[in-house]
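*Asks:* This is a predicted model, with the sequence first.
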Amino acid sequence: MGSGRNGGAQLETVAWPGSYGEHAKPRMGFFTDTSVCIGCKACEVACKEWNQIPMRSGPHSPSFTGKSYDNTIDLGADTWRHVAFIEQKAPARVVGRLPAEVGDGASLVQSAARAQAVDGGVQTYQEADGFRWLMASDVCKHCTHAACLDVCPTGALFRTEYGTVVVQEDICNGCGYCVPACPFGVLDQREGDGRVWKCTLCYDRLKDDKEPACAQACPTNSIQFGELSDLHERAEHRLAHLQQAGQDKAQLYLADADDGIGGAGAFFLLLDEPEVYGLPPDPVDTRRDLGEIWAAAGAAAVALGVGLAAAVFGGRK
Amino acid sequence: MSSENRSYHGQPVIKEPTWTWEIPFYFFTGGLAGASAGLAYLSDLRGNEVLARRAWTGAMVGIGMSPLFLISDLGRPMRFLNMLRMFKVTSPMSVGSWILSASGATTMLATANAWTGLFPRSARFVRPAAALLGLPLSTYTAALIANTAVPVWHEARRMLPFVFGSGAGLSAGAAAVIATPPEHAAPARRLAVASAALELASNEVMKRQLGEHGEPYKRGAPSKFSHLTQALVVGGAALLLRRGQSSRGAAIAAGSMLCAGALSARWTVFKAGFQSAADPDYVVGPQRRMIEQDERRGASRRVSQVREVQLDKGSPATAPLPLSAP
C-alpha cells in the first residue's frame, strides 16, 4: 500500500515504540474479516478457556436473550471476544443481479463474474432471496490513542512492547474511570471482584511467540493475527476484492491513523455500517479535547475564586 | 437509515459508569469543602472571624467525608493508595486525587488553627494554600466526567465546570448560613443567593448548548432531579432573602434547602450520564449526523488503497490452496 492514510508507517502510540527503545517489538494486532465469520463462537470459548475467565454473574448472568443466536450480547469484564449475529433483510445483490447461466442469456463474462462472486465467499444462497447473515467477532480495539489508558489514575493500564493495551490486575483498584472513557464500551468491572478486565491480546502467549487463543481457534481465518503493517496490507486487498464483487457497503473500520482514535491495533472489515454491529461510527479518544476540558475547569476555578471574593468583600461584613 | 439499523439489537454502544451513589455525594462534599475553604480564608482576611471559623469547619467536614465516599466506591478499597502511585495530567482523577490529598492536609491544619490557635507558623502557609487548592477541588470533578465517552458529559465539557463551580459556591454559602448567626452571615448569604442564581442559569446554558445531546435531561431520573433542584434552590433562595437576616430558624431552613438543592443538582448531572450512555441512539445518532454532514470522516473507509487485487494477499480463507496447484 505504501502511501495513503497511514503514510506506510506503523501507527505510533505515545508510549510505543519510543519508550521501549531496543526492546520494542513490532506492533501486533488483529484484522477481523467479518465477511468470512461463520458465527461458531470458537473465539469466545478459546478466549474464556485460555484466560480462565469466569462466568458472568450478577445482573449480567447468563440467560437467553432472544436476540438471534447471541446470548453473550456484549464485551465486558467476563467476555473479551463477542460474536455478534445480525439477521438482515437485504435486497438481492450480486448473485441476484447477474444472470446465472449462459443459457439464461448471460454472457460468458457475466457467468464468470457470478462464479467468481460465489467462489470468493462473498455471496450466500440466502442472500439471493433478499436475506443475509452478518456475523462479527468483536474485541478490544487496542487503540493507538487509548482513552482507557490515558484516564487510568493508577497506571494499571499500560502500553506493552507490542503496542497493545493491558490492565495489570495487581494494580487496578477498581476506580472504574476507564469504563465510561472507552468509546467502544469494552471495559467493565467484574462483579464480586471489583477490578476491570479486558482483552490482553494474549500478552502471555505473545511473550512465548504464540498467537492469541481466539486467532488460533478461528476456523475460517476471520480473525487474523500478525504485525499490524502486514494485516493492513492484507485488509486492503480483501476490501478491494469484496468491493469488486459488488459488496459496496464493505468497509475497513479503524484501519486509518486519521480517525478519532488514531487507528486501532484491532481493526475490522465490515459488510455494513459499524452501528449495525453495535460499533460507534465515529469513536473519539477523549484526550483530543483534554486541553479544552482543563482550560474550562481552570477558568471555572478562577471564576469561583472571584465570586468568593466578591461575596466576602462586596458588602457589609 | 431506519432506527432499527442504527443499533445492534438495541444494545448500548458504550458502558454505563460503574460508579454508585457515593460519587454524586462526593461531588457535593468536594465542592462544599473547596468553596468553604476559600470563603473561610477570605472571611479571615475581612476580619469576620465568626464566619471564618464556621466555614473552616464546613471545609473540614466536607474534606473529611470526601475520601470515605471515594474509597467506598472503589472496587478494591484496600488499594486506595494506588491513586497516588503516579501523577497523570491526562487523568483528571489522578490530578484530583493529589488535589484532594493536599487540600485535606492543609484544610485540617487551617481548621485546627482557626479554632485553637495551634500551629500559628504553618497556618500562615496552609490557610491560603487550602483556599487556593479548594478552587480546582470544586471544578476538577466536572473535568473528570467531561473526559469520558459519555455524550451528555463530554459535549458539555466547556460549561460543566461552571455548573459544578456554582454548585460548590452554593453549598459553601448555604452551609455557612446554617452554621453562622445571621448577624455575622451576610457574606455567606450573598454567596448562597448569587450561586443559586448561577447554578440555575449555568444549568440552562449547558442544556441549551448540548442541543440534541441534552435529551437525557428531559426524561427519567435526571428530569425529576432537575425539577427537585429548581424547587429547592428557588425556594431556599427566596426564604433566605426574605427571612434569612432576621430569623436564625429561617436561615437554617433556607440553608438546608439550598444544600439539598446543590446535592440534587449533582445527582441530575450524574444520572443524565447513565441515561446518555445506555441508549445507543444518543451515542450513534450524533456521530452519524456529523459524518453525513461531512464534519467528521468517521472510522470507516470503503475505498481500498490497492488497485490490483491479489487474492493470496487477502484472506487466507479465500486464497488459492497450494494443494490445488497441479
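*Replies:* Now that the structure is in, tell me what you want to look at.
*Asks:* CA only for contacts and neighbour counts going forward, please
*Replies:* OK.
*Asks:* Grab the nearest non-local neighbour of residue B:254.
*Replies:* residue B:236 (4.4 Å; C-alpha to C-alpha, 6 or more residues apart in numbering or on different chains).
*Asks:* ok, that neighbour touching residue B:255?
*Replies:* Yes. The pair residue B:236 / residue B:255 is scored as a contact, 6.7 Å apart, by C-alpha atoms under 8 Å.
*Asks:* Those two: who's more crowded?
*Replies:* Legend: neighbour count by other C-alpha atoms under 10 Å in any protein chain shown for residue B:236 and residue B:255, higher for residue B:255 (31 against 28).
*Asks:* gap between the more buried one and chain A?
*Replies:* Per C-alpha to the nearest C-alpha, to the nearest Å, residue B:255 is found 16 Å from chain A.
*Asks:* so what's that residue scoring on pLDDT?
*Replies:* Looking at residue B:255, its pLDDT is 98.
*Asks:* pLDDT below threshold where in the chain?
*Replies:* All of this is about chain A. Counting by pLDDT under 70, chain A shows low-confidence ranges at A:1-10, A:59-60, A:90-130.
*Asks:* if you could check chain B rather than the one you did, that'd help
*Replies:* Using pLDDT under 70, chain B drops low at B:1-5, B:317-326.
*Asks:* mind running it again at 80?
*Replies:* Applying pLDDT under 80 to chain B picks out residues B:1-5, B:311-312, B:314-326.
*Asks:* Which residue ranges of it form helices?
*Replies:* B:22-46, B:49-73, B:92-116, B:120-146, B:151-154, B:160-179, B:186-210, B:220-243, B:248-278, B:280-292 (DSSP state H).
*Asks:* Can you add distance to residue A:46 and give these back as TSV?
*Replies:* Converted to TSV, the helices of chain B look like this (distance: least, C-alpha to C-alpha, whole Å):
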stretch	distance to residue A:46
helix B:22-46	37
helix B:49-73	33
helix B:92-116	35
helix B:120-146	36
helix B:151-154	34
helix B:160-179	44
helix B:186-210	43
helix B:220-243	41
helix B:248-278	29
helix B:280-292	29
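*Asks:* most neighbours per residue, which of those helices?
*Replies:* By mean neighbour count, with neighbours taken as mean count of other C-alpha atoms under 10 Å in any protein chain shown, helix B:160-179 ranks first of the helices of chain B at a mean of 32.
*Asks:* Is it positioned near chain A?
*Replies:* Yes. Helix B:160-179 lies within reach of chain A by C-alpha under 8 Å from any C-alpha of the partner chain, at B:161-162, B:165-166, B:169.
*Asks:* by contact count, what packs against that helix?
*Replies:* Counting contacts by 3 or more C-alpha pairs under 8 Å, 6 or more residues apart in numbering or on different chains; DSSP states H and E, helix B:160-179 packs against helix A:290-313, helix B:22-46, helix B:49-73, helix B:120-146, helix B:186-210, helix B:248-278.
*Asks:* need the contact list for residue B:72.
*Replies:* For residue B:72, the contacting residues are residue B:22, by C-alpha atoms under 8 Å, 6 or more residues apart in numbering or on different chains.
*Asks:* Could you report the separation of residue A:238 from residue A:137?
*Replies:* Applying C-alpha to C-alpha, to the nearest Å, the value for residue A:238 to residue A:137 is 17 Å.
*Asks:* How about residue B:90?
*Replies:* Between residue B:90 and residue A:137 the distance is 31 Å, computed by C-alpha to C-alpha.
*Asks:* who has more neighbours, these two?
*Replies:* residue A:137 (26 against 20).
*Asks:* Neighbouring strands - and their directions - for the helix or strand harbouring residue A:84?
*Replies:* In the assignment (DSSP states H and E), residue A:84 maps to strand A:81-89. Under the criterion DSSP bridges, strand A:81-89 sits next to strand A:131-139 (antiparallel) in its sheet.
*Asks:* and after the partner strand, which helix or strand comes next?
*Replies:* Toward the C-terminus from strand A:131-139 - assigned by DSSP H and E - lies helix A:147-151.
*Asks:* Need the contact partners of stretch B:42-57.
*Replies:* Residues outside stretch B:42-57 that contact it (C-alpha under 8 Å, 6+ apart): A:308-309, A:312-313, A:317, B:36-37, B:39-41, B:107, B:110-111, B:114-115, B:172, B:175-176, B:179-180, B:184-185.
*Asks:* And it, end to end?
*Replies:* 14 Å.
*Asks:* Check the offset of it from the chain's centre.
*Replies:* Put simply, stretch B:42-57 sits 26 Å off its chain's centre (C-alpha atoms, centre = their mean, to the nearest Å).
*Asks:* How about stretch A:153-173?
*Replies:* For stretch A:153-173 - counting by C-alpha atoms, centre = their mean - the centre lies 18 Å from the chain centre.
*Asks:* which residues does the residue lying closest to residue B:224 once chain neighbours are set aside contact?
*Replies:* Using C-alpha to C-alpha, 6+ apart and skipping residues adjacent in sequence, the residue nearest residue B:224 is residue B:268, 8.0 Å away. Counting by C-alpha under 8 Å, 6+ apart, residue B:268 touches B:217, B:221-226.
*Asks:* at 10 Å what do you get?
*Replies:* B:24, B:216-217, B:221-229, B:262 (C-alpha atoms under 10 Å, 6 or more residues apart in numbering or on different chains).
*Asks:* do residue A:192 as well
*Replies:* If you count contacts by C-alpha under 10 Å, 6+ apart, then residue A:192 has A:57-58, B:75 around it.
*Asks:* Tell me the secondary structure at it.
*Replies:* Here residue A:192 is coil, with the state taken from DSSP: H, G, I helix; E, B strand; the rest coil.
*Asks:* Please report how far it lies from residue A:50.
*Replies:* For residue A:192 relative to residue A:50 (C-alpha to C-alpha), the value is 21 Å.
*Asks:* do residue A:278 as well
*Replies:* As judged by C-alpha to C-alpha, residue A:278 and residue A:50 stand 26 Å apart.
*Asks:* Over to residue B:195?
*Replies:* Distance from residue B:195 to residue A:50, counting by C-alpha to C-alpha: 56 Å.
*Asks:* Contact partners for residue 15?
*Replies:* As the question left the chain open, I've gone with chain A. Contacts of residue A:15 by C-alpha under 10 Å, 6+ apart are A:144-145, A:158-161, A:163.
*Asks:* Switch to chain B, please.
*Replies:* So residue B:15 contacts A:74-76, A:178-188, B:149-150, B:274, B:277-279 (C-alpha under 10 Å, 6+ apart).
*Asks:* again, only this time at 7 Å
*Replies:* A:179-180, A:185, B:277 (C-alpha atoms under 7 Å, 6 or more residues apart in numbering or on different chains).
*Asks:* now do residue A:33
*Replies:* A:222-223, A:268-269.
*Asks:* cool, residue A:169 as well?
*Replies:* Residue A:169 neighbours (C-alpha under 7 Å, 6+ apart): none.
*Asks:* Helices along the stretch 101-250 of chain A, start to end?
*Replies:* For the stretch 101-250 of chain A, the helices defined by DSSP state H, counting those that start in this stretch occupy A:108-119, A:125-128, A:147-151, A:178-181, A:203-207, A:213-217, A:228-244.
*Asks:* Of all the residues in the fifth one, which ones are buried?
*Replies:* Right, helix A:203-207. residue A:203 (16 or more other C-alpha atoms under 10 Å in any protein chain shown).
*Asks:* how much distance is there from it to the middle of the chain?
*Replies:* 20 Å.
*Asks:* Contacts for it, please.
*Replies:* A:211-212.
*Asks:* Name the nearest residue to residue A:74, ignoring sequence neighbours.
*Replies:* Here the residue nearest residue A:74, using C-alpha to C-alpha, 6+ apart, is residue A:82, at 6.1 Å.
*Asks:* how close does the one you found sit to residue A:201?
*Replies:* 14 Å.
*Asks:* that older thread, just the closest of the contacts of residue A:192 to residue A:197, please.
*Replies:* residue B:75 (12.0 Å; C-alpha to C-alpha).
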